[in-house]
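Undergrad: I'd like to go over a predicted model; first the sequence, then the structure.
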Amino acid sequence: MFTGIIQAVGTIVKIDPLENHGNGGLHLGISPGSLDISDVSVGDSIAVNGVCLTVKELCLPLFTVDVSSETLQCTYGLTSVGQTVNLEKALRFSDRLGGHLVSGHIDDTGEVVKFERSEGDEQNCLLSIRTPRHLLRYIIRKGSVTVNGVSLTVNRIDDDEFFVNVIPHTLSVTTLNELKPGIQVNLETDMLARYVESLLNDLETGKYEN
């Protein structure tokens, strides 16, 4: 589990085909930037651009992860050497929950439509993202959504786009400052909304009735 509060920006420095994994899997070497990985062990989880990945090797100062072809098909930003990525280590039970509960399981990708200074408040940026319609039912005004691993609050929804304000601090410590119209981003909707939908569907169908 994660919180969507980015701890550092890293860089993909090495990409190799994933051996014995059929078509399309990749083995990534990632430079963690300022992320302290002294307490990270092989088998631990790190969110990379919002994608929960398992540390395979610690080759200081790098760590490596494997990405399956299935994950690559539903995500963006994990296939280029030199790509900067948002990093967050897995949540401890004793940690503060500064963002919201994030699983690191990407639902789909969206497309940046607008990314510009907010009217009347040039310190913040207005970001709008065109979203696959099957995800829109989980996105609500003042609810939470994760964009490339960053926990953000939805300001409004207009047809198939949702809008968020990005504050200067977030721009300075994440890769969101690199966004521009047309770029794809990884989206994870609020898992609580999906659990509620599943429960209501089960109640309606009588799935768990005695």
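TA: Received, thanks.
Undergrad: what's the model's confidence in stretch 149-169, averaged?
TA: Mean pLDDT, stretch 149-169: 95.
Undergrad: could you work out the end-to-end span of it for me?
TA: 15 Å (CA to CA, to the nearest Å).
Undergrad: relative to the whole chain's centre, how far out is it?
TA: 14 Å (CA atoms, centre = their mean, to the nearest Å).
Undergrad: so which bits of that stretch are buried?
TA: For stretch 149-169, burial by neighbour count (16 or more other CB atoms under 10 Å) applies to 149, 150, 151, 152, 154, 157, 161, 162, 163, 164, 165, 166. C-betas here are computed from N, CA, C, even on glycine.
Undergrad: same deal with stretch 125-135?
TA: Using 16+ other CB under 10 Å as the test for burial, stretch 125-135 gives 125, 126, 127, 128, 129, 131, 135.
Undergrad: can you list the buried residues in the strand or helix carrying residue 204?
TA: Assessed by DSSP states H and E, residue 204 sits inside helix 191-205. By 16+ other CB under 10 Å, the buried positions in helix 191-205 come out as 191, 193.
Undergrad: stretch 111-124 now?
TA: Using 16+ other CB under 10 Å as the test for burial, stretch 111-124 gives 111, 112, 113, 115, 124.
Undergrad: and those, which two are the farthest apart?
TA: 111 and 124 (21.2 Å; CB to CB).
Undergrad: quick one: contacts of the lowest-mean-pLDDT helix or strand in the chain?
TA: Using mean pLDDT, DSSP states H and E, the weakest-scoring helix or strand in the chain turns out to be helix 191-205, at a mean of 80. Residues from elsewhere that reach helix 191-205, judged by CB atoms under 8 Å, 6 or more residues apart in numbering: 101, 102, 103, 137, 138, 140, 143, 208.
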